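Asks: Predicted structure and sequence below. I'll ask about it afterward.
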Amino acid sequence: MKVRHTIFLQYIIVTTILLMGAVSVGFAVDDLDRPQFRKGYVVFKVSPEYQVKLPVKGAERFGVAHIDEFMDKVGATWVERKFPHTPDPKPGRTDLTRIYNLKFPEAIDVKLVSSNLSKLKGIEYAEPWYINYLCYEHNDPDREDQWPLDLLEADRAHDITTGDPDVVIAITDNGTQMDHPDLIENIWHNPDEEENGADSDRNGFRDDVVGWDFAGNDNDPNDAANHGHGTHTAGISSAVTDNEIGISSIGFNCQLMIVRCGHGNAIPFGYEAIVYATDNGAQVINCSWGGSQANQAGREAVQHAHEEDVIIIAAAGNNNRATLFYPAGFQTVVSITATTSRDVKASFSNYGNWVDLAAPGDGIRSTFLNNGYRNMDGTSMASPFVAG
């Protein structure tokens, strides 16, 4: 049984129960058929006595003799902090400042490098840089209904609350069409940042006025690849409602912080996005992506969010299995399986006693590219219903 951690989380669970009425990739949903980690990289954490202060952009040497010697042996060319802008932790909190990325030639065996690195003195762990994937499938783009809102009795819930503009929901995804007519009014704007070529709020991200793009390492988290997934999940959570166009949403008064952490179907920077959202004011983080690997760096990123009282909502995956899927499988994450219009588990959805809640995820109508709308399936779609 997963650990519950805040009154706010208890509120979400109770509200959801009431609402329920009483990188080359394809579109396959089995993540075992796709690359599991980035070639030429490992992630490692050092013990406190071996921590070094690297430049934000990284360096050619780590600065500890035996680690530098190891870098020479594997031909490593670069080392950098994985979460370079995270401040020093408070006493007793998770320390993300001691986690690093090591870059080396792609021809070298990643698992061999991580295994050998983990044996060095002062290394707490070393592991591949795992890649996560979106949790969706295609559906008929012409279907026009929004049956989930009826099934969830959303109108009754909206008599109680329509979301709070002071609540920021981070959409960690492959980018969002932020000027979509049904989204633009709800896009979060960083209150302490000005677009002036400088890092006005000193959070380490220059001109992050409307979020950040980790895939492109810039301040434009729009969907540069014209994929549509992040636009779809954003609309489910918090599309503008009562505006006489398009669709309605669950938390339509909440703000949407857009954090682009992948391109196409692959999400290599999901945990970096979680840390950014946590450190920049999100109260809820939606993760409509995941993978089968419970990596340590990801676990610590999730724990960092938990310690800051941020709630992570994550898709349980689309493999129709009971096996754990991450980040949904981590103890402090609220994991979401998908249901159909008949209020039963969707055939593709993962399941098991590690899953926390269920929400509609079959034939879900939401915002899409080019100011449009489309139906999609997946636990990707179920997760933002709960996030909103």
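Replies: Looks like it arrived, so ask away.
Asks: alpha carbons only for contacts and neighbour counts from here, please
Replies: Will do.
Asks: Helices along the stretch 101-250 of the chain, start to end?
Replies: 110-118, 147-151, 154-158, 229-238 (DSSP state H, counting those that start in this stretch).
Asks: what residues does the last one touch?
Replies: The set of residues that contact helix 229-238 without belonging to it, under CA atoms under 8 Å, 6 or more residues apart in numbering, is 171-178, 182-183, 186, 223, 249-256, 288, 365-369, 373-374, 380-381, 384-388.
Asks: Give the buried residues for stretch 73-85.
Replies: Within stretch 73-85, the residues scored as buried using 16 or more other CA atoms under 10 Å are 76, 78, 79, 80, 81, 82, 83, 84, 85.
Asks: Hmm, residue 239 is touching residue 254, no?
Replies: No - counting by CA atoms under 8 Å, residue 254 is not a contact partner of residue 239; they are 9.0 Å apart.
Asks: what about these two, which has more around it?
Replies: residue 239 (34 against 23; other CA atoms under 10 Å).
Asks: The more buried one and residue 388: what is the separation?
Replies: As for residue 239, its distance to residue 388 is 10 Å (criterion: CA to CA, to the nearest Å).
Asks: who touches both of these two?
Replies: Residues touching both residue 239 and residue 388 by CA under 8 Å, 6+ apart: 249, 251, 252.
Asks: Now list whatever residues contact both of residue 239 and residue 254.
Replies: Contacts common to residue 239 and residue 254, judged by CA under 8 Å, 6+ apart, are residue 186.
Asks: ok, of the helices of the stretch 101-250 of the chain, where does mean pLDDT dip lowest?
Replies: Of all these, mean pLDDT reaches its minimum on helix 154-158 (a mean of 50).
Asks: Which parts of the protein belong to which domain?
Replies: 7-32+133-387, 37-130 (automatic domain parsing).
Asks: what about residue 92, distance to residue 169?
Replies: Taken as CA to CA, the span from residue 92 to residue 169 is 27 Å.
Asks: The two: which is more packed in?
Replies: residue 169 (31 against 7).
Asks: okay but the more buried one is in contact with residue 388, surely?
Replies: Yes - using CA under 8 Å, residue 169 is in contact with residue 388, at 7.4 Å.
Asks: joint contacts of the two?
Replies: Joint contacts of residue 169 and residue 388 (CA under 8 Å, 6+ apart) are residue 254.
Asks: okay, residue 31: pLDDT?
Replies: As predicted, residue 31 sits at a pLDDT of 46.
Asks: same deal with the one 3 residues further on?
Replies: What the model reports as pLDDT for residue 34 is 84.
Asks: Report how many residues lie close to it.
Replies: If you count neighbours by other CA under 10 Å, residue 34 ends up with 17.
Asks: how far away is it from residue 347?
Replies: Distance from residue 34 to residue 347, by CA to CA: 21 Å.
Asks: From what I see, residue 194 and residue 210 are in contact.
Replies: No - between residue 194 and residue 210 there is no contact under CA under 8 Å: 10.1 Å.
Asks: Compare these two and say which is more crowded by neighbours.
Replies: residue 210 (22 against 16).
Asks: if we can go back for a sec, weakest of the domains of the chain by average pLDDT?
Replies: Note on the domains of the chain: lowest mean pLDDT is at domain 7-32+133-387, with a mean of 84.
Asks: roughly how far apart are the residue lying farthest from the centre of the chain and residue 71?
Replies: What lies farthest from the middle of the chain is residue 65; by CA atoms, centre = their mean that is 35.7 Å. Note on residue 65: its distance to residue 71, by CA to CA, is 10 Å.
Asks: I'd like to know which of the shared contacts of residue 239 and residue 388 is nearest to residue 330.
Replies: Each of the shared contacts of residue 239 and residue 388 was scored against residue 330 by CA to CA, and residue 251 proved nearest at 24.8 Å.
Asks: Near the closest one, how many other residues are there?
Replies: The burial count for residue 251: 28, using other CA under 10 Å.
Asks: how far off helix 110-118 does the lengthiest strand in the chain point, in degrees?
Replies: Scanning the chain for the strand with the most residues, using DSSP state E, yields strand 37-46. Calculated by axes from the mean of the first three to the mean of the last three CA atoms, to 10 degrees, strand 37-46 forms an angle of 10 degrees with helix 110-118.
Asks: Just the CA coordinates for strand 37-46, please, in PDB.
Replies: Only the C-alpha atoms of strand 37-46 are listed here, as PDB (Å, rounded to 0.1, in the frame of the first residue of the first chain):
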ATOM      1  CA  PHE A  37      18.300   4.000 -22.000                       C
ATOM      2  CA  ARG A  38      20.400   6.700 -23.700                       C
ATOM      3  CA  LYS A  39      23.600   5.400 -25.300                       C
ATOM      4  CA  GLY A  40      26.800   7.100 -24.100                       C
ATOM      5  CA  TYR A  41      25.500   8.100 -20.700                       C
ATOM      6  CA  VAL A  42      25.400   6.900 -17.100                       C
ATOM      7  CA  VAL A  43      23.900   8.700 -14.100                       C
ATOM      8  CA  PHE A  44      25.700   8.400 -10.800                       C
ATOM      9  CA  LYS A  45      25.600   9.800  -7.200                       C
ATOM     10  CA  VAL A  46      28.600  10.400  -5.000                       C
END
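Asks: Show me the contact partners of that strand.
Replies: So strand 37-46 is contacted by 82, 98-108, 110, 113-114, 118, 122-131, 268, 297 (CA under 8 Å, 6+ apart).
Asks: mind listing what's buried in that strand?
Replies: Judged by neighbour count (16+ other CA under 10 Å), strand 37-46 contains these buried residues: 37, 39, 40, 41, 42, 43, 44, 45, 46.
Asks: Also stretch 91-99?
Replies: 94, 95, 96, 97, 98, 99.
Asks: next one: stretch 199-215
Replies: Counting neighbours by 16+ other CA under 10 Å, stretch 199-215 gives 199-200, 203-215 as buried.
Asks: That's all I had, so thanks and see you.
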